[in-house]
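Asks: any chance you could fold what I've pasted below:
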Amino acid sequence: MSKRNIEIKVRLNRKEAETLNKRVKKSRLSREAYMRHLINGVVPQDSPPPDYYSMMRELHGVANNLNQIAQKAHVLNVVDVQRYDGAVRQVEAAIKTITDAVILPQPMER
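Replies: Numbers count the residues shown, from 1 in each chain. Next comes the predicted model:
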């Protein structure tokens, strides 16, 4: 059984409904999920462009390759390990920053 068993009916005028529907469509969330985000104090982001996911897969692949090279460099002791590890952390930080900016809902301003 669903944990969400309380139904709330809300009446909107045409303009409010159109605004809500536009925002829901941009976010690619259900209307219910969109409103739950708002209730929890965050504004859902617009859905990212389709290229975002392919670019992020590519960045993750690069980070994975860097990690594999770093592991080999540790074993062979042929690369400046600290510098290389720093570069890997920068790539991972960039991925997190991009994801936070594009995907995660933003807190409401009070």
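
Asks: sort out which residues of the longest helix seen in the chain are buried, please.
Replies: Ranked by number of residues, the top helix in the chain under DSSP state H is helix 50-76. Neighbour counts using 16 or more other Cβ atoms under 10 Å place 56, 59, 63, 66, 70 of helix 50-76 among the buried residues. All C-beta atoms are positioned from the backbone trio N, CA, C, and that covers glycine.

Asks: leaving aside the residues next to it on the chain, what's closest to the third one?
Replies: It stands for residue 63. residue 91 (4.7 Å; Cβ to Cβ, 6 or more residues apart in numbering).

Asks: equivalent analysis for the fourth one, please.
Replies: Nearest non-adjacent residue to residue 66, counting by Cβ to Cβ, 6+ apart: residue 88, 4.9 Å away.

Asks: show the contacting residues for the residue nearest to residue 63.
Replies: 59, 62-63, 66 (Cβ atoms under 8 Å, 6 or more residues apart in numbering).
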